[in-house]
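K.L.:
predicted model and sequence below, questions to follow.
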Amino acid sequence: MTQRAKIDTDGSEAQAAGPPPVVHRAAGLTSAEVAERVARGEVNDVPVRSSRSTTDIVRGNVFTRFNAIIGVLWVIMLVVAPIQDSLFGFVIIANTGIGIIQELRAKKTLDGLAVIGEAKPTVRRDGVTAELSTSEIVLGDLIELGPGDKVVVDGVVAEADSLEIDESLLTGEADPVVKKAGDPMMSGSFVVAGGGAFTATKVGREAYAAQLAEEASRFTLVHSELRSGISTILKYVTWMMIPTAIGLVISQLVVKDNDLKNSIARTVGGIVPMIPEGLVLLTSVAFAIGVVRLGRKQCLVQELPAIEGLARVDVVCLDKTGTLTEGGMDVTELRPLGDTDETYVRKVLGALGESDPRPNASLQAIIDAYPDTVEWRCTEALPFSSARKYSGAAFSEGDGETSTWLLGAPDVLLPAGDPTLTEIDHLNEQGLRVLLLARTAHELDDPEVAADAHPAALVVLEQRLRPDASDTLAYFADQNVATKIISGDNAVSVGAVAGKLDMAGAENTVDARTLPTDREEMAKVLDENAVFGRVTPQQKRDMVAALQSHGHTVAMTGDGVNDVLALKDADIGVSMGSGSEATRAVAQIVLLNNSFATLPSVVAEGRRVIGNITRVATLFLTKTVYSVLLAVLVVCSQVEYPFLPRHLTLLSTLTIGVPAFFLALAPNKERAKPNFVRRVMRYAIPGGVIAAAATFTTYLLARHHYSGTGALEAETSAATLTLFLVSMWVLAIIARPYTWWRLTLVATMGGAFLLVLVVPWLQDFFALKLVGVTMPWTAVAVAAGGGLLLETAWHWVDRRFPA
C-alpha cells in the first residue's frame, strides 16, 4: 500500500528509507487533563446560534409600548365602566399569550434543528480521534482539520500537510494563507486545501470569532424590512395618537358637561382603536409558524429574516455539484492517451487516491474504481483546490523510479487547441465529467507545475442527477425567478447537465474565464445567460455582486468550501446539511435533508408571510386612520365621542382580528415586493378616510334625527352599523381574489354582527339597539355610498401609485 511521508510537528519530513516510516503523531490531551480543564471552566462555552431565550420571548411579547398604553387604559376602564367596556384588555392578554406560545414553538424547532446541523470537529484525545460537539472542546485540545472544516476556536498549528486556510471572513483578504507548524489559527477561518491539526489556545468567548458570533448569531427577527416597516408605521401612529388623545380627553371631560364615568369610557373608546396592537403580534406569529412549518421539512432557518428575504429573491444561483447533482459519482470509463499502458495508469490512480487522506467526490469515485495495490511511497502531495482546479502527488515507485502526477481539469492542464480537448468536448456534451491524468517534470511546489504536463489518460465520471432537480427548476421558472447555474466544472459539461434538466438557456453555456472583469459588463452577460462553467470561488463572489448591482435580490446555494464567499455575500445563503462546516456556518438557511426540492417550500413560506402581512396590515392601519380622524372630527365638532370601547372591540374582532388571523396564515404565491410602508399606506389612508367620513356623516344625521332619553345610544348604534358595513367592505376588498373559505369567512363575520343586532341579551351586552326604520336604513345607504367610494379609490390608487 502507498505510504505517505508525514510532516512532523517540527516541519521536517520523516525518513523514507527501509520499512514504512514511524510517524510521530501527537496523542492530544489525556482524559485526566480534559477533566482538569473542565473543572477549571476552560471549556468552549459558546453562544448558541438560533433563537432567543424563553425570558427574552416573554419579555418581548409582554413589555411593549402599546401593551403599556392599553394596560393603563384597561385599568381605568375596570374602575369606571362595566366589564364589557374592558373586553379589549382580555383580547390583549389572549394576543400576548398566542404570541408567546408560537414563538416558544419556533424556538423549540430551531434549537432542535440547530443540534442536528451543528458542526462536529474531529478532536484527538489519548491518541484516538472522535467527533465532538464544539461546546465539549477544552483548552489545549488537539483538533484535526481537512478541506471544508471550520476553525472553531483560536489556536496554534501543530501539524500541517499543505494546509491552506481562508481567513477572508475575518480579514477580508481573498487569497488563502499557507500555514506551517507554529502559525496562529483564528476561529472563523476555514480550510480550503490540505490538512493538519492545531492546538486550542483560546476557547469560549475569548476566541476571535466568538464575539462576532454572539452578535451575528442572535435571533434577528427585528432586522427585516417587514419589521422595520412596521416599526416606522408604529412610530408615526404614536406621534399622531398623542395630540389626538389629548384633544379628545379635553373635549370629552371639559367641554362637554357630561357624566364623568361615561365621558372617561368614551374617551378610552376613542384612544384604544388608534393602536394597531395585533399587527406586531400577527407578524411574530406568522414568522414563528413559518419556522415550525419549515422545521418539519428539515429546513433550519438560522436567521428569521431569511424567510422573508427568500420571498423577495428574483435570482437563484445554483452550484451544480451537490445541488443539481448528488454528492457521489461513478467512473464510467478510463481512456489511456497515446501509448500509455492502462495497467500502469490504474496503479497511478490507485496511488493518487491513497495519497489524499480526505478525498473529494471525484477522487473518491477513483478510489472506489481503482483501489491501491502497489507499494509506492508518496513523497509530496498537492491537495485539490478550487482555485487551481487540480491536485497532484509525487511518488517513489518500488523499482527506484520517481514520478510526479497531476489530476484535474483537462482545459486547465492542456494548452488551448490541444486535439485531446475535442475528444473531451464530445464527452462533456453528454453531461459527463472528465478528469485528465498528466505526468509533469516539475516539482509540485513550482508555480509552473502544470506547464508542459504530458497527458496520460482521461478518467470519465458520471454524475448522479438529483431526481427532484428538474421539478425544482421548473418551479422557479414558473414563479419568474431566474436561475443561474454557476459551477467550477467544464462549461460544456455543466451545460449538458442543465440540458438534461430541461433548463432554459442550457445551450448557451459561458466559460467564466472569458467573463469581463468590469462589474457592469459582467452583470450584462449574467442577465443574458444562465449557465456558467469554470467559475473560480472569487468569480462566484464577483458574479453575486454584479447581479446585486443590477437591483437583483440574489440567493446562492452551495455545499463546498469554494461557495463560502459567495454564500456570505448573497442576500440569502442556502447550504446543504452535508456541506462543509464553513458553508453551514455562513448560510442563513440549511437544508438538513440535503434536498434541493425543499427550496420551493422556503420560497412559498416567505411569500405567504410577507404577502399576507402586507394584506393584513392594511386592515389594521385602516382602523388606525379612521379612529384618529373620528377623534379629530369629534374634537372639532364639540360632540360626544360616538362609541364606547365595547363597540370598537366588537368591530375590531369581527372586521380585523379574526379575519386577519386566517388571512395571515393562508397560502400566497405572489412574489414579495419592496416598499412595504408605501404599499400598505396607499390603501389604508383612503380606506380610513372614507370609513371615518361615512361614520361621522351617519352620526351627525342621527344626532338631528333622535332626541330625548336614549338618544345617544340610538345615535351610537346607527354610527356603529355604518362603520361595520364600511369596514366589512374593506375586508371584502382585502380578501380578494375570493376562494370558498374567504367568502365563508366574510359571510361568517357579517352573520356574527347580525346575531348581535337580533339577540336581546347581546343587544344589551354590547349596548347596540337600532331604533326606528328611517335612521338604520339611512346608515345602510351611507355605508353603501362609502363602499362605492372605496372601490373607486382602490382602483384609482392602483393606477396612480402602482406597487
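P.N.:
Great, that's in hand.

K.L.:
can we go C-alpha only for contacts and neighbour counts from here?
P.N.:
Will do.

K.L.:
state the mean pLDDT of stretch 250-265.
P.N.:
Averaged across stretch 250-265, pLDDT comes to 70.

K.L.:
now do the same contact list for residue 727.
P.N.:
For residue 727, the contacting residues are 655, 691, by CA atoms under 8 Å, 6 or more residues apart in numbering.

K.L.:
tell me the pLDDT at it?
P.N.:
95.

K.L.:
now it: which helix or strand?
P.N.:
For residue 727, the element it lies in under DSSP states H and E is helix 711-734.

K.L.:
what is the neighbour count of residue 532?
P.N.:
For residue 532, the count of nearby residues is 28 (other CA atoms under 10 Å).

K.L.:
residue contacts, it?
P.N.:
Taking CA under 8 Å, 6+ apart, we find residue 532 in contact with 484-487, 491, 494-495, 509-512.

K.L.:
how near is it to residue 749?
P.N.:
Going from residue 532 to residue 749 by CA to CA, to the nearest Å gives 54 Å.

K.L.:
what sits closest to residue 548 if chain neighbours are left out?
P.N.:
residue 554 (6.7 Å; CA to CA, 6 or more residues apart in numbering).

K.L.:
phi, psi for the one you found please.
P.N.:
phi -110, psi 130 (degrees, to the nearest 10).

K.L.:
would you tell me what the next helix or strand after the helix or strand harbouring residue 658 is?
P.N.:
Following DSSP H and E, one finds residue 658 within helix 658-664. With elements assigned by DSSP H and E, the helix or strand that comes after helix 658-664 is helix 676-705.

K.L.:
helices or strands up against that following helix?
P.N.:
Applying 3 or more CA pairs under 8 Å, 6 or more residues apart in numbering; DSSP states H and E, we find helix 676-705 packed against helix 225-250, helix 599-637, helix 711-734, helix 774-800.

K.L.:
give me the residues contacting stretch 225-244.
P.N.:
Against stretch 225-244 from outside (CA under 8 Å, 6+ apart): 221-222, 271, 274-276, 280, 283, 308, 610, 624, 628, 631-632, 676-677.

K.L.:
that older thread, in the helix holding residue 727, which residues are buried?
P.N.:
711-732, 734 (16 or more other CA atoms under 10 Å).

K.L.:
off-centre distance for the helix holding residue 658?
P.N.:
24 Å (CA atoms, centre = their mean, to the nearest Å).

K.L.:
what mean pLDDT does it have?
P.N.:
Across helix 658-664, the average pLDDT comes to 87.

K.L.:
which other helices and strands contact the strand or helix carrying residue 484?
P.N.:
Assessed by DSSP H and E, residue 484 sits inside strand 482-486. Judged by 3+ CA pairs under 8 Å, 6+ apart, strand 482-486 is in contact with strand 315-318, helix 469-478, strand 531-533.

K.L.:
so which of those is nearest residue 549?
P.N.:
Closest of these to residue 549 is strand 315-318, at 12.6 Å (criterion: CA to CA).

K.L.:
go ahead and produce PDB holding the CA coordinates of the helix or strand that comes right after the closest one.
P.N.:
Per DSSP H and E, the first helix or strand lying C-terminal to strand 315-318 is strand 325-336. Output in PDB follows, covering the C-alpha atoms of strand 325-336 (Å, rounded to 0.1, in the frame of the first residue of the first chain):
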ATOM      1  CA  THR A 325     -26.300  16.500  -8.800                       C
ATOM      2  CA  GLU A 326     -26.000  14.200  -5.800                       C
ATOM      3  CA  GLY A 327     -22.700  14.100  -4.000                       C
ATOM      4  CA  GLY A 328     -21.500  10.700  -5.300                       C
ATOM      5  CA  MET A 329     -20.000   9.900  -8.800                       C
ATOM      6  CA  ASP A 330     -19.100   6.800 -10.700                       C
ATOM      7  CA  VAL A 331     -16.100   6.100 -13.000                       C
ATOM      8  CA  THR A 332     -17.600   5.000 -16.300                       C
ATOM      9  CA  GLU A 333     -14.500   4.800 -18.500                       C
ATOM     10  CA  LEU A 334     -10.700   5.100 -18.400                       C
ATOM     11  CA  ARG A 335      -9.200   6.200 -21.700                       C
ATOM     12  CA  PRO A 336      -5.400   5.900 -21.900                       C
END
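
K.L.:
buried set for strand 325-336?
P.N.:
Buried residues in strand 325-336 (16+ other CA under 10 Å): 325-331, 334, 336.

K.L.:
as JSON lines, those with distance to residue 68 would be great.
P.N.:
Output for the buried residues of strand 325-336, formatted as JSON lines (distance: CA to CA, whole Å):
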{"residue": "325", "distance to residue 68": "54"}
{"residue": "326", "distance to residue 68": "54"}
{"residue": "327", "distance to residue 68": "54"}
{"residue": "328", "distance to residue 68": "58"}
{"residue": "329", "distance to residue 68": "61"}
{"residue": "330", "distance to residue 68": "65"}
{"residue": "331", "distance to residue 68": "68"}
{"residue": "334", "distance to residue 68": "75"}
{"residue": "336", "distance to residue 68": "79"}
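
K.L.:
returning to what we had before: show the buried residues in the contacts of stretch 225-244.
P.N.:
The neighbour count (16+ other CA under 10 Å) marks 221, 271, 274-276, 280, 283, 308, 610, 624, 628, 631-632, 676-677 as buried among the contacts of stretch 225-244.

K.L.:
which of these lies closest to residue 686?
P.N.:
residue 624 (12.0 Å).

K.L.:
mind listing what the closest one touches?
P.N.:
Residue 624 makes contact with 237, 273-276, 688, according to CA under 8 Å, 6+ apart.

K.L.:
could you do residue 742 as well?
P.N.:
residue 735.

K.L.:
which of the helices or strands spans it?
P.N.:
Applying DSSP H and E, one finds residue 742 within helix 740-758.

K.L.:
which residues belonging to that helix are considered buried?
P.N.:
742, 745-746, 749-750, 753, 756-757.

K.L.:
looking at those residues, spot the one nearest residue 265.
P.N.:
So of the buried residues of helix 740-758, ranked by how close each gets to residue 265 (CA to CA), first place is residue 756, at 21.0 Å.

K.L.:
and that closest one, how far from residue 731?
P.N.:
From residue 756 to residue 731 the distance is 19 Å (CA to CA).

K.L.:
for residue 164, same thing?
P.N.:
Per CA to CA, residue 164 is found 61 Å from residue 731.

K.L.:
same check, this time on residue 271
P.N.:
On the measure of CA to CA, residue 271 and residue 731 end up 22 Å apart.

K.L.:
ok, now residue 106?
P.N.:
Residue 106 sits 29 Å away from residue 731, taking CA to CA as the criterion.

K.L.:
again with residue 38
P.N.:
Going from residue 38 to residue 731 by CA to CA gives 61 Å.

K.L.:
over to residue 543?
P.N.:
44 Å.

K.L.:
residue 394 too?
P.N.:
Distance of residue 394 to residue 731, computed by CA to CA: 75 Å.

K.L.:
torsion angles phi and psi at the most centrally placed residue in the chain?
P.N.:
Geometric centre of the chain, nearest residue: residue 306, 2.3 Å, by CA atoms, centre = their mean. Residue 306 adopts backbone torsions of phi -60, psi -30, taken as degrees, to the nearest 10.

K.L.:
contacts only, for it.
P.N.:
572, 588-589.

K.L.:
okay, and which of those map to strands?
P.N.:
Members of these lying in strands (criterion: DSSP state E): 572, 589.

K.L.:
let's have the contacts of residue 306 in TSV, adding pLDDT.
P.N.:
Putting the contacts of residue 306 into TSV (pLDDT from 0 to 100) gives the following:
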residue	pLDDT
572	88
588	82
589	87
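
K.L.:
between the contacts of residue 306, which has the most around it?
P.N.:
Going by other CA under 10 Å, residue 572 tops the contacts of residue 306 with 28 neighbours.
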